[in-house]
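> Kindly return the folded structure for what I paste below:
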Amino acid sequence: MPQRFPHLDVRVASLGELFVAVDTFELPWFQRSYAWGEEHVDRLIAEVEAAANDSVRDRYFLGHVCLAGNGGVARRIIDGQQRIMTLTMVYALLRDMAPEGTDVRELDALLWARTDGAEARPKVLAQDCVRDFIRRAVLEPGATAERIDPYRNRLTDTERRFLANRNRMASLIAPMREDKARWQRFVRFLTDRCYVIVEMVATEEEAWDMLAKEEERRATHHESEQAKATMVGVMARGEQAEAGRIWDDAHARLGADNVARLLGHLRTMLVKRRSIRPIIVEVSEGYELRERGLAFMRDTFVPHASALEAIVARRLGTGDARTRIARVLQRLELVEHDQWMAPLLRWLQVNPGDDRATLEFVTALDRLTMMLRIAAVDPTTRERRFIALTADIQPGVAIGELERLDIEDTLERECTQNLRSRTLQYKRYATYVLRRLSILLGDDGAAVGDATIEHVLPRNPPAGSPWRTAFRTDKIIDDHTHRLGNLVLLSFAHNQEAGNLPFPAKQQIFAGSGFAIAREAANAPVWTREAIMDRTEQLARLLLASDADA
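Got it, this is the predicted structure:
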């Protein structure tokens with residue numbers, strides 16, 4: 001028997017059925033702005049007309065639409081707003097450009113919801129910032145014929161995009177008026193034979209979760225571009241130009257990836273919990289961008305963007321403090337997830353200009369980050385700890401009072417045990433450990449990008465190799481090969497060169513390596529079981545030293 005999911009109703013609907021069944025499509029104000037360009041509408045009109053002339057196939061699929069709302073006939077658009085907004089313009093154009101004598105009441109009913117005794121309401125309720133424009137330029141009878149100069153009317157980028165698409169589609173639909181049969185065929189096909197898969201989801205949160213899972217697998221615009229279009233688009237009209245300029249300046253200095261990172265950290269500092277809702281939604285709502293968008297850009301976005309820029313460039317602090325903080329930041333950047341960034345940004349916000357305290361904080365933060373990584377604490381638990389630490393950082397709270405910076409005995413014990421493992425090379429954090437050690441031993445970080453793991457004692461030394469003198473059996477070899485003390489970093493070329501060579505030959509390669517951890521191994525007089533075990537302990541102690549920032 002099929003399993004039932006009461007929170008979700010999935011159906012196939014023609015466009016006519018969809019627009020009739022839903023009384024109001026409500027577009028959340030924090031949704032990203034209308035982004036389709038003329039190439040999208042060109043393709044839509046051309047493909048729909050081609051499908052209308054294909055008597056064999058006789059249908060056209062327009063994708064998925066996800067709507068949220070439990071009860072009533074008003075639904076919030078979670079996914080599909082680009083198509084719904086564009087189709088609204090198509091229906092308005094067909095209504096206004098219909099051949100003389102054509103009954104356009106059916107088309108008008110797809111644009112306006114009418115209840116007995118009540119004023120007609122638009123079917124699509126766009127965001128406040130463009131609602132009046134869409135009504136004036138699209139929805140009102142005859143509106144699509146109105147000539148609007150985008151420069152004289154000082155339109156926003158979103159409004160210009162609507163206008164350009166409207167005018168482009170008008171030029172594509174106009175020839176249909178000359179052939180009434182062609183026009184009717186197109187209208188009927190668009191309404192009855194163009195279809196979508198509609199997902200009706202009970203709650204908005206559930207719908208966002210479903211969409212997030214889908215977005216993870218979908219190639220799309222960079223998330224920072226979507227964020228700009230949405231966040232600036234929901235601000236008051238008079239603030240948008242200045243907010244866009246501020247955004248573009250930060251984008252130029254930080255790059256798209258770092259702007260996206262910054263928004264995630266701003267969300268963490270704001271909500272102080274894990275969330276499955278889109279970052280843009282959390283930031284737009286939490287920072288009240290409709291009411292105070294420009295204030296957010298000036299007072300929150302800009303200073304945190306500057307702080308992130310200083311962190312990425314390792315320019316925190318002055319003088320000797322800057323040099324020491326930079327070394328710590330170099331190690332923090334080795335971790336694949338930058339969950340440590342939100343507490344650091346919060347610390348810099350609360351304690352500006354205090355170099356000594358910042359060095360102390362970033363050193364403790366680095367030590368915690370390392371311990372959590374090497375102890376193999378799961379990512380969700382790590383994230384929760386960093387979020388809680390971020391929330392704990394308040395004015396007047398000293399570093400010693402931040403209990404979540406403390407390393408508990410169980411965490412240190414697990415970390416130490418993992419470093420002593422006979423199979424460390426197989427751990428997911430093995431490369432991280434070796435890169436960190438190489439920095440502590442003197443790397444400047446320049447060679448990190450070409451790092452490969454080299455086993456000093458080869459995994460399979462051939463019979464007759466000098467390695468077989470000190471390591472007589474396969475069991476002994478297997479017990480020592482993958483330990484921390486037997487591992488170094490080399491470039492790929494040096495790794496290939498080293499291969500199964502005897503230790504004296506490898507020493508020469510190690511000595512010329514760009515990695516300090518390889519040069520350190522080259523100083524060993526011999527490579528024996530005892531040497532591997534002793535080196536394992538020495539490297540573990542170096543990693544765990546509380547004053548590693550020195």
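> Give me the secondary structure label for residue 292.
The assignment at residue 292 comes out as helix when based on DSSP: H, G, I helix; E, B strand; the rest coil.
> Let me see the ranges of the helices in the stretch 101-250 of the chain.
Along the stretch 101-250 of the chain, the stretches classed as helices by DSSP state H, counting those that start in this stretch are 105-109, 128-134, 157-173, 180-192, 204-215, 223-233, 237-254.
> which of the ones you listed is buried the deepest?
Looking across these with neighbours counted as mean count of other C-beta atoms under 10 Å, the highest average goes to helix 223-233: a mean of 22. From N, CA and C alone the C-beta is placed, and that goes for glycine too.
> Quick one: work out the angle between that one and helix 237-254.
160 degrees (axes from the mean of the first three to the mean of the last three C-alpha atoms, to 10 degrees).
> Quick one: list the elements packing against helix 223-233.
Packing partners of helix 223-233 (3 or more C-beta pairs under 8 Å, 6 or more residues apart in numbering; DSSP states H and E): helix 237-254, helix 256-271, helix 279-286, helix 289-296.
> roughly how far is the last one from the heart of the chain?
Computed by C-alpha atoms, centre = their mean, to the nearest Å, the separation of helix 289-296 from the middle of its chain amounts to 23 Å.
> Okay, and the beta partners of residue 453?
residue 489 (DSSP bridges).
> which intervals of the chain have sub-threshold pLDDT?
For the chain, residues meeting the criterion pLDDT under 70 lie at 1-4, 29-32, 70-73, 116-117, 150-153, 208, 211-224, 444-449, 546-550.
> related to what we said a few turns ago, which of the helices and strands packed on helix 223-233 sits closest to residue 59?
Closest approach to residue 59 among those (C-beta to C-beta): helix 279-286, 34.4 Å.
> Give me the angle between that closest one and helix 256-271.
Going by the same axes, to 10 degrees, helix 279-286 makes 40 degrees with helix 256-271.
> Flag every buried residue along helix 279-286.
279-285 (16 or more other C-beta atoms under 10 Å).
> so which of those residues comes closest to residue 433?
residue 279 (31.2 Å).
> wouldn't that closest one be in contact with residue 261 here?
No. With contacts counted by C-beta atoms under 8 Å, residue 279 stays clear of residue 261, the gap being 10.2 Å.
> Which other helices and strands does the longest helix along the chain contact?
If each helix of the chain is counted by residues according to DSSP state H, the longest one is helix 355-374. With contacts taken as 3+ C-beta pairs under 8 Å, 6+ apart, helix 355-374 sits against helix 319-332, helix 341-350, helix 379-392, helix 409-419, helix 430-440.
> Check which helices and strands the shortest one sits against.
It stands for helix 341-350. Secondary-structure packing of helix 341-350 (3+ C-beta pairs under 8 Å, 6+ apart): helix 256-271, helix 302-312, helix 355-374, helix 379-392.
> gap between the second one and the chain center?
Taking C-alpha atoms, centre = their mean, the mean C-alpha location of helix 302-312 is offset from the chain mean by 18 Å.
> Between helix 319-332 and that helix, find me the angle.
Counting by the same axes, to 10 degrees, helix 302-312 lies at 80 degrees to helix 319-332.
> How about helix 302-312, which residues are buried there?
In helix 302-312, counting by 16+ other C-beta under 10 Å, buried: 304-305, 307-312.
> Give me the contacts around that helix.
Applying C-beta atoms under 8 Å, 6 or more residues apart in numbering, the contact partners of helix 302-312 are 246, 250, 253-254, 258-259, 261-262, 265-266, 316, 329, 341, 344-345, 348-349.
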